[in-house]
Each structure stands twice: as C-alpha cells, then as structure tokens.
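Q: Got a predicted model here, sequence first, then my questions.
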Amino acid sequence: MTKNSSKTKTQGDKGAASPALDNSLGDIQQGTGQVEFAQEAREQGGETHQHIAANSDHDSAVGHLTDNHGHRISDNQNSLKAGPRGPSLLEDFVLREKIFHFDHERIPERIVHARGSGAHGVFEVTDAIPELTKADIFQEKGATCPVFVRFSTVAGSKGSKDTPRDVRGFAVKFYTQAGNWDLVGNNMAPFFIQDAIKFPDLIHSVKPEADRGYPQAASAHDTFWDFIGLMPESMHMIMWAMSDRALPRSLRMMEGFGVHTFRFVNAEGKGTFVKFHWKPVLGMQSTTWDEAVKISGADPDYHRRDLHEAIEAGDFPAWELGVQTFDDAWAAKQPYDVLDATKLIPEEEIPVRIIGKMTLNRNVDNFFAETEQAAFLPTNLIPGIDFSNDPLLQGRLFSYLDTQKSRLGTTNFHQIPINAPKCPMHNFQRDGAMQTLMPTGRANYEPNSLAQAGEDGGPRECPETGFASFAEMGERTDTTAKVRARGELFADHFSQARMFYLSQTENEQAHIASAIVFELSKVSLPHVRNRVVAQIRNIDEDLAKRIATGLAIDLPKAEKPARKPVDLGTSDALSIQKNAKDMLKGRKVGILFAEGSDKNAIDNVKSAVESAGGSVMLIASKIGGIKVAGGTLEADGQLAGTPSVVLDAVAIILTEDAAKKLTKDSAAVDFVSDAWAHMKAIGHDDGALALLKHCHVPADADGVSAPDKSFAANAAKRFFAREADVRDLA
Ligand code: HDD
C-alpha cells in the first residue's frame, strides 16, 4: 500500500487493495490465496460479501450460508423460539437481519423512465473525426470503448408493460478513458417541451391522475391531453408520439436520438454544433396498436425478453452512431432555432454521417445492481463534447445528479460499479453515506504543499487536458438583461409537426389519426378534446377533419398560432415504412402444427427461415411431444400461451382433421385471425385451409402462400395494403 497516498481506489485503477479490504482478507491470503479474486469481485461489485465469506473458509471451497457479517448460519428454516410452540425471541439476529434487509430491498423507482432494460456492449469507431472533436473516443478508427445501455418507457412504473404507446428512453453510458460520457436520449428526435421549467408539469400530466391513481403507463386520459392542448409547442412531438414510433416491435429495431444540439470542440478549440443519431442495423419496425395491446397481455416483458434472448443467442443487437454537424452560420439561416429541443434537423438538409457502431453483447448478471442502479447524467461529458444553450438541456444538467441522490440514497452513487468510471478517478471529495472507497493520506484539500515534505499531496488540475467549456460567443454579454423568455423562432410550433405528418406513408398517417382518435376518445372533458383538435388544424386540415369525424364532433375553430407556420416540405427519413429493411434477421416465425402434421413441410419452413437469418418457434396445443407424419415433435410454445402477436409471421401445417378441430379452439382462431389482421405473412399447407377459411383469410391474398421459399421471403415483410380490409381507420 502506498504510504500516505491520497489516491482513491476505483474500477480500472489496478493499484493495491485498500487497507480495509487487505485486513478483511488476511485469512484468505494465508488460506486460499484468493485476494485477487476477492478484489476483482469488489471491483465488479455486489458479490464481495458472499465471496469473502465463502472463500474465507479454510477447509472447503463450498460456500457456507452466512449473515451479512460473515457468521455462519446453522438453520435457515426456523426462527429462534422459546420452545417449539413458544414466542419468537428478540435475540434472533439471523431472523432480524434477514427480515431487516428484505424490508429495505426496494429503492424509489425513477420518477420517469422507471421501466427499463439494460445490456452491456462495445462501441467502435468506424470513421475518426479529430477535425471535429478532440473527444478521446473519436480519435482513431477501430478504437473501442465499453458501453452500458438502458432502454425504457417513460410514463409507466417499473412493473408496467413493455408495449404501451410511449416514447422510449435510449440512454448510453460510454466508459471512455477520459471519463464517462452519457448520451441520454430517446427514440424520438424532438421533445414535448422547450424549457426544463415545464418538465414537472408535463410528467405530472401524463402520470396516473393525481386523485384517482390511474391510468397506468398511458397517455390516453384527460390531464395529459389538457396539458398538451394548452402547450402548442408539444405538437411536433405529439405527431411522433402518436405515430408508429411509439410502438416499436423490438428495442433492437428503433432509432435513437440525442435530441438536443450539442457542441463538438476540436483540439484547436473550434466548436461545431452536433446532433447524435443511433440507426438500428436491423432496421426500424413497429407493431400495430392492436398488436401492442394484445402483446401487453400475452407477454408484458416482451421487449425485455426479446433483448435478453437475442443477446443470449449471440444475435447481438447493433446500432450505427451518426452525427449531423453544422456551424453557427448555418444554424442562423434556418427557419427554426437549433437550440429548441422541439425541432429536428431534416436529414435531407444535413445528412447523418456514420462514425461508429455499438454492439450489445452481454446481458446484465444482476438486474438490480446494474440496470436498476445505473445512473445516467447528461452532465457526464468528456473534453471535446460540450452542451449548447438549449434551455431544456440546461435544466437537465441539474435534474439528473439530484435525482440519483434521492433514488440511490447517497452522493456516492458514482461508486456503484455500473456507474464508476473505468479510468482512474482521484479527487479530494471524502466520506458521505455508503462510502466504499478508502482514500488514504493526509491531503484531503487542495492546494496543499505536502509534496514538499515528501508526502503525496494528491492529484492536481490538468489545465491542458482537463474539461474546458467551449468559449461560447453570443448573447451572454454584460449588457444582456436577465429575462424569462425564449428565442423568437421557438414560437413556431407547427411547421415541423406538419413536415413530420406529411412525410408519412398513407398507412402511417392513418395510424396517427387513429391513435389520436383513440386517445381523445378516452378524454372525458369535451373542451379538452376540442382544444387539441383546434391545435391540430394548424398542422394539417385533413388530419384535423379525420380526427373530428372519428370522434363524431364538429370541427372546432383553429387555435391562433403564435407564429405563422412555414412550409418545410417533407423528409422521407421520418417515415418508418419508407425506410423498412425487409429482413428476417432478428425476427421470429411461428409454425403451428398438430398431430399428424407433415414433419417434412415443417422442416422445410424451418430451414428456409433459419437460412434467411430468422428464428423459428414451434407451436402446438401441447408441448410435450406430438406424433407427426415422419416422427415426433416437441413444441417450443403452447398455443394458448403463444399468440401470433409475439411472432413476425406464421406458418400453419395441419392435417384437414386437425384444422377442423382447431376451428373450435379460440386460441387457434385468434392465432390465425390476428396474424391476418396484423398484416403478417401466413404460410399454410392444404390441410390448414379449413382453419384459414373459418378465420376469413383468403388463401390467394398477398402474403398468404404455400409454406415454401416464397413464405420465407414474405415473412420478412408486413402487408400494409391489407390494412384497409381489416381495420376501420380514422
Ligand atoms: Fe430525462 C431520466 C431522456 C428531459 C429529468 N431521461 C431519463 C432517462 C432518459 C431520459 C432516457 C432514463 C435514464 C435511465 O435509463 O436511467 N429526458 C430524456 C430526454 C429528454 C429529457 C431525451 C429531453 C430531450 N429529463 C428531461 C428534463 C428533465 C429530466 C427536461 C428535468 C428537468 N430524466 C429526468 C430525471 C430522470 C430522467 C428525473 C429520472 C431518472 C433519472 O433521471 O435518472 O432526472
């Protein structure tokens, strides 16, 4: 141990263990030589107690059950009583500690984004950009850095379903050698509000209503739409939130956005504005609303399971990181303000330059220790990246640090392994609740002159390499008045909302109209409904009419816009369907079979799907083993528990008798009817025709085919042309 060292032990700091750990491991050093192992456990977090206890056993490598202080427990079944039928005794420290710990197992959930799923991965630079930024991670092509990602819904509690209509959080922690960089974004490019001072109001309005405590994880209620109708700046985001973007098929199939304009700063101190984008390698895909609702019943953990299973299977989800960069002069010419988080920059104006790739390749080992305790901070920046004056971003810079203290209970939350940097960390901050580090030495202040006496005076500032804020030129001068105001162009609330709506395909536009009709139909206050439609008249007259017709209300008088909208044209990049990648990779095909089904046909579908990169799930009424023509087959899923909503396409291989029998089974009927209504490919053999007919599925329709290669090609698509036949769209 370095004498008088004021260095602090952190992850990645491979110096000696702290004295406390050394002492506690004295026995281990003699007995088993497990110091390194135990120290590693400490660095990886969470497991230390268990391992120290287990390994401090001199005579056995097998773990003995102990309490939290290392005392072996002889009986974990019975509490200590005064006689077998007597009262329990207060002295039972084993019982008391166990119950005490259990009572405190839960921590407050996040006020927003409570429901989330996380995974580890790696980021690799594919195109170095030293000319734009001096950020450590972007200097060399091929450089890599570990990452942790947490995806989330926004409104629901942590036990809520995965598939509500909602924005998805897309938070990435890069553990760079220059410190952690957290890019805490969403799967939608704009945001609801322009100024952080409105965030508590927005969130209060969308959360379960204050008096009645419902609805959970839903925006379809009075208070949300009341707020929205009164906040026209939210209209652009409302178009996104009511679009298919709010219903991702998989977390692996959604885009991510840093939302705000940030600054890159290069080695010469030159600043460049930047917007960050994540592009999914599997392409974008969404479910229909009906599908999402049914999935939430069939599998509330649909997205969490999908992410976990894909990573377990080695089918690693990946995204490309892209940037849109521009300078102040370009920004000044735009009809919108780049500091306004309710606006985006069309990709057709400034193309997204791909600079890296993120691959998620490891599931968490402990959901609580990692996913739940992960603390993201927009203030986690590294030299070469800086904030902009976006007033929403500026407010976030306070909120996240603050929230971690209330959620994780201590200012030392940065020491939790998932949050700790993987580069050295040394400073003079000390103590606090749950302090787990052991800074040593006399120097806990700076400046100090202890080094002159041969002692370790501790770390020093780094004027050259440390974080230096970009020397922002502009409005902050001595003559600028303090104001509570916004930039002039912030007042344009409708131009980009219109651009988004007009950029969608016909189906996508219909989905937006239907979604708003659905949501406003759950609103009980007529004036709230009317005001929202009155705002939407400023986006698109036809959309407003469709919604009014869908609600059976008169078209209200348009709200007067604060600033006249301008025509921004369209941007194809905003549509999911226009950018869909018809691929089977990452998609799941179900094969419904029964007694007597043709094994050969099943095998053919399986190999066609698998060779196109998809996965297959065999589904039958019973899972244990069913006699089919050509052998016996076990099913992966029982029909009643595996509806077609959790699949991307279905093949139905049945004998005529089995098909007739299944017409009387509502699970089978729903299986086929839903696959048809959700515009999925259906493969079938002749035997299955009776079931198809019963479900009113025309055997010659587009996307309905024999279970051969054509089915595998169809399975990668959705047949949106079918939609008008299966749904009454607004
Ligand atoms: Fe936020 C969490 C994304 C505006 C205050 N936010 C949180 C998470 C994401 C975002 C992805 C979850 C992180 C995780 O997985 O742990 N938030 C955004 C985006 C915003 C945004 C993209 C706008 C562009 N947020 C925003 C504002 C405020 C907050 C304006 C407050 C002024 N957000 C929080 C928070 C949370 C949070 C209360 C809850 C849990 C947490 O921070 O760690 O501080």
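A: Nice, thanks for sending it over. Numbers count the residues shown, from 1 in each chain.

Q: When you work out contacts or count neighbours from here on, use the C-alpha atoms and nothing else.
A: OK.

Q: where does the chain dip in pLDDT?
A: Across the chain, the stretches falling below the confidence threshold (pLDDT under 70) are 1-62, 473-478.

Q: Most distant residue from the centre of it?
A: Gly83 (53.5 Å; C-alpha atoms, centre = their mean).

Q: hey, where'd the strands end up in the stretch 151-300 of the chain?
A: Listed in chain order, the strands of the stretch 151-300 of the chain (DSSP state E, counting those that start in this stretch) span residues 168-176, 179-186, 256-257, 262-265, 271-280.

Q: JSON lines for those strands, including distance to the ligand?
A: JSON lines is the format used below for the strands of the stretch 151-300 of the chain (distance: least, C-alpha to the nearest ligand atom, whole Å):
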{"stretch": "strand 168-176", "distance to the ligand": "4"}
{"stretch": "strand 179-186", "distance to the ligand": "4"}
{"stretch": "strand 256-257", "distance to the ligand": "7"}
{"stretch": "strand 262-265", "distance to the ligand": "11"}
{"stretch": "strand 271-280", "distance to the ligand": "11"}
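
Q: To Gln394, which of those strands lies closest?
A: Taking C-alpha to C-alpha as the criterion, strand 262-265 is the member of those that comes nearest to Gln394, at 11.1 Å.

Q: what's the distance between the closest one and the middle of its chain?
A: When distances are taken as C-alpha atoms, centre = their mean, to the nearest Å, strand 262-265 is centred 24 Å away from the chain's centroid.

Q: contacting residues for Arg353?
A: Taking C-alpha atoms under 8 Å, 6 or more residues apart in numbering, we find Arg353 in contact with 322-324.

Q: hmm, back to that, could I get the strands of the stretch 151-300 of the chain in CSV, plus columns for mean neighbour count?
A: Shown next, in CSV, are these (neighbours: other C-alpha atoms under 10 Å):
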stretch, mean neighbour count
strand 168-176, 25
strand 179-186, 22
strand 256-257, 26
strand 262-265, 25
strand 271-280, 23
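
Q: of these, which approaches Arg498 most closely?
A: For those, proximity to Arg498 was assessed by C-alpha to C-alpha; strand 256-257 is nearest, at 19.9 Å.

Q: next one: the closest one to chain centre, how far?
A: Averaged C-alpha coordinates place strand 256-257 at 10 Å from its chain's average position (C-alpha atoms, centre = their mean).

Q: What of stretch 454-471?
A: Using C-alpha atoms, centre = their mean, we find the averaged C-alpha position of stretch 454-471 to lie 35 Å away from the chain's own average C-alpha position.

Q: Export only the CA atoms of that stretch, formatted as PDB.
A: What follows is the C-alpha trace of stretch 454-471 in PDB, where atoms were taken according to Å, rounded to 0.1, in the frame of the first residue of the first chain:
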ATOM      1  CA  GLY A 454       8.000  14.100   0.600                       C
ATOM      2  CA  GLU A 455       4.400  13.100   1.100                       C
ATOM      3  CA  ASP A 456       1.700  12.500  -1.500                       C
ATOM      4  CA  GLY A 457      -0.100  15.800  -1.900                       C
ATOM      5  CA  GLY A 458      -2.700  14.200  -4.100                       C
ATOM      6  CA  PRO A 459      -4.000  14.900  -7.600                       C
ATOM      7  CA  ARG A 460      -3.600  18.200  -9.400                       C
ATOM      8  CA  GLU A 461      -5.600  20.100 -12.000                       C
ATOM      9  CA  CYS A 462      -4.900  19.500 -15.700                       C
ATOM     10  CA  PRO A 463      -5.100  22.800 -17.400                       C
ATOM     11  CA  GLU A 464      -4.100  21.300 -20.800                       C
ATOM     12  CA  THR A 465      -6.200  18.100 -20.800                       C
ATOM     13  CA  GLY A 466      -9.000  18.800 -18.400                       C
ATOM     14  CA  PHE A 467     -12.500  19.600 -19.400                       C
ATOM     15  CA  ALA A 468     -12.700  23.300 -20.500                       C
ATOM     16  CA  SER A 469     -16.000  24.700 -21.500                       C
ATOM     17  CA  PHE A 470     -16.400  25.900 -25.000                       C
ATOM     18  CA  ALA A 471     -15.900  29.700 -25.200                       C
END
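
Q: So Glu320: helix, strand or coil?
A: Recorded secondary structure, Glu320: strand (DSSP: H, G, I helix; E, B strand; the rest coil).

Q: Test my guess that it contacts Gly283.
A: No. Using C-alpha atoms under 8 Å, Glu320 is not in contact with Gly283; the gap is 10.8 Å.

Q: Which one's more surrounded, these two?
A: More neighbours sit around Glu320 than around the other of Glu320 and Gly283, counting by other C-alpha atoms under 10 Å; the figures are 22 against 18.

Q: Report the contact partners of that one.
A: 278-281, 354-358.

Q: What of Leu639?
A: By C-alpha under 8 Å, 6+ apart, the residues touching Leu639 are 592, 619-622, 667-668.

Q: mind running it again at 6 Å?
A: For Leu639, the set of contacting residues under the criterion of C-alpha atoms under 6 Å, 6 or more residues apart in numbering consists of 619-621.

Q: Then Ser286?
A: Listed by C-alpha under 6 Å, 6+ apart, the contact partners of Ser286 are 244, 247-249.

Q: can you do 10 Å?
A: Residues counted as contacts of Ser286 (C-alpha atoms under 10 Å, 6 or more residues apart in numbering) are 243-251, 253-254, 292, 576-577, 580.

Q: circling back to that earlier point, name the residues contacting each of Glu320 and Gly283.
A: Among the neighbours of Glu320, those also in contact with Gly283 (C-alpha under 10 Å, 6+ apart) are Glu255.

Q: how close does Glu461 get to the ligand?
A: Note on Glu461: its distance to the ligand, by C-alpha to the nearest ligand atom, to the nearest Å, is 29 Å.

Q: So that residue, which state does it fall into?
A: Using three-state DSSP, the secondary structure recorded for Glu461 is coil.

Q: what does Ile591 give?
A: Classification of Ile591 by three-state DSSP places it in strand.

Q: got it, and Asn412?
A: Assigned state for Asn412: helix (three-state reduction, three-state DSSP).

Q: show me the residues around it that make contact.
A: 404-405, 420, 429-437.

Q: Return the closest of those with respect to Asp315.
A: Ranked by distance to Asp315 (C-alpha to C-alpha), the contacts of Asn412 are led by Ala420 at 27.9 Å.

Q: Tell me which residues touch Glu233, please.
A: If a contact means C-alpha under 10 Å, 6+ apart, then Glu233 has 191-194, 340-343, 490-494, 497, 562 as its contacts.

Q: Asp306 - how many residues pack around it?
A: For Asp306, the tally of surrounding residues (other C-alpha under 10 Å) stands at 18.

Q: Tell me how far Val154 lies from the ligand.
A: Taking C-alpha to the nearest ligand atom as the criterion, Val154 is separated from the ligand by 8 Å.

Q: nearest spatial neighbour of that residue, skipping sequence neighbours?
A: Once its chain neighbours are removed from consideration, Val154 has its nearest residue in His113; the separation is 4.1 Å (C-alpha to C-alpha, 6 or more residues apart in numbering).

Q: Pro391 too?
A: Take Pro391 and drop its neighbours on the chain: the residue closest to it by C-alpha to C-alpha, 6+ apart is Asp195, 5.1 Å away.

Q: chain center to stretch 89-109: distance?
A: In terms of C-alpha atoms, centre = their mean, the gap separating the centre of stretch 89-109 from the centre of its chain is 32 Å.

Q: That stretch near the ligand at all?
A: No. Contact check for stretch 89-109 against the ligand, using C-alpha under 6 Å from any ligand atom: none in range, with a minimum separation of 7.9 Å.

Q: For that stretch, what is the spacing between the initial and final residues?
A: For stretch 89-109, the first and last residues are 35 Å from each other (C-alpha to C-alpha, to the nearest Å).

Q: With stretch 564-576 instead?
A: As for stretch 564-576, its first-to-last residue distance stands at 28 Å under the measure C-alpha to C-alpha.

Q: The chain should start at 443 in everything you say after this.
A: That works, and once the first residue is 443, the last one we named lands at stretch 1006-1018.

Q: so how far is stretch 1157-1168 from its chain's centroid?
A: Relative to the chain's own centre, stretch 1157-1168 is displaced by 28 Å; criterion: C-alpha atoms, centre = their mean.
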